[in-house]
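[1] Let me see the structure of the following:
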Amino acid sequence: MWRLVRLCVWLVFAAACSSAVLPAATPSGATSVTRVAQATSGTTPTTVVFTRGKVEMGDDFYAPQEITVVVGATVTWQITGGENNHDVVSVDGLFRSNVPMSRGVDMFMYTFASPGEYRYLCSFHPAMTGKIIVK
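    This is a model prediction of the structure:
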């Protein structure tokens, strides 16, 4: 009986591993799910989709500025450097972090339940913007 169970588990594992294409490197703190090829004229660029992601914040930047995740993914923002105050504010009012976030201590997390594009900014630096694409 255990032999059959092990064989089934091995077959499921082998099938899952053989169909996944994983990237060689991922953006800071992100976990890759799959690569989705997009058809364009003559080339096929790749979009990496994540089950979770991390956006680092510093003086006047979010890194990465844009990240693509799957529905149900949680994205975490944290200040990792610099001296200025920062926060995370959804342009459409969907989410908002502490104002200001404490450097190196606060981590703002939001789970995206619906597909779409979600733009956000820092209320202290309105030119500091980012975007989450949920597929």
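[2] For residue 104, which residues are in contact?
    78, 79, 80 (C-beta atoms under 8 Å, 6 or more residues apart in numbering). Quick note: C-beta positions are derived from backbone N, CA and C, even for glycine.
[3] By neighbours, which of those residues wins?
    residue 79 (24 neighbours; other C-beta atoms under 10 Å).
[4] Turn the contacts of residue 104 into JSON lines, columns for pLDDT.
    Shown next, in JSON lines, are the contacts of residue 104 (pLDDT from 0 to 100):
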{"residue": "78", "pLDDT": "95"}
{"residue": "79", "pLDDT": "95"}
{"residue": "80", "pLDDT": "93"}
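[5] so can I have CSV of those showing secondary structure?
    Formatted as CSV, the contacts of residue 104 follow (DSSP: H, G, I helix; E, B strand; the rest coil):
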residue, secondary structure
78, strand
79, strand
80, coil
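[6] Check these against residue 132 and report the nearest one.
    For the contacts of residue 104, the minimum distance to residue 132 (C-beta to C-beta) is 15.2 Å, reached by residue 78.
[7] quick one: that closest one from residue 69, how far?
    16 Å (C-beta to C-beta, to the nearest Å).
[8] cool, residue 117 as well?
    Taking C-beta to C-beta, one finds residue 117 at 11 Å from residue 69.
[9] Please identify which of the two sits among more neighbours.
    Shown here are residue 117 and residue 69; by other C-beta under 10 Å, residue 69 has more neighbours (25 against 12).
[10] How many residues are close by the residue lying closest to residue 94 once chain neighbours are set aside?
    Distance criterion C-beta to C-beta, 6 or more residues apart in numbering; nearest residue to residue 94, sequence neighbours excluded, is residue 118 at 6.6 Å. Residues lying near residue 118 (other C-beta under 10 Å) number 19.
[11] Residue 118 contacts residue 132, correct?
    Yes: Residue 118 lies in contact with residue 132 (C-beta atoms under 8 Å); the separation is 4.4 Å.
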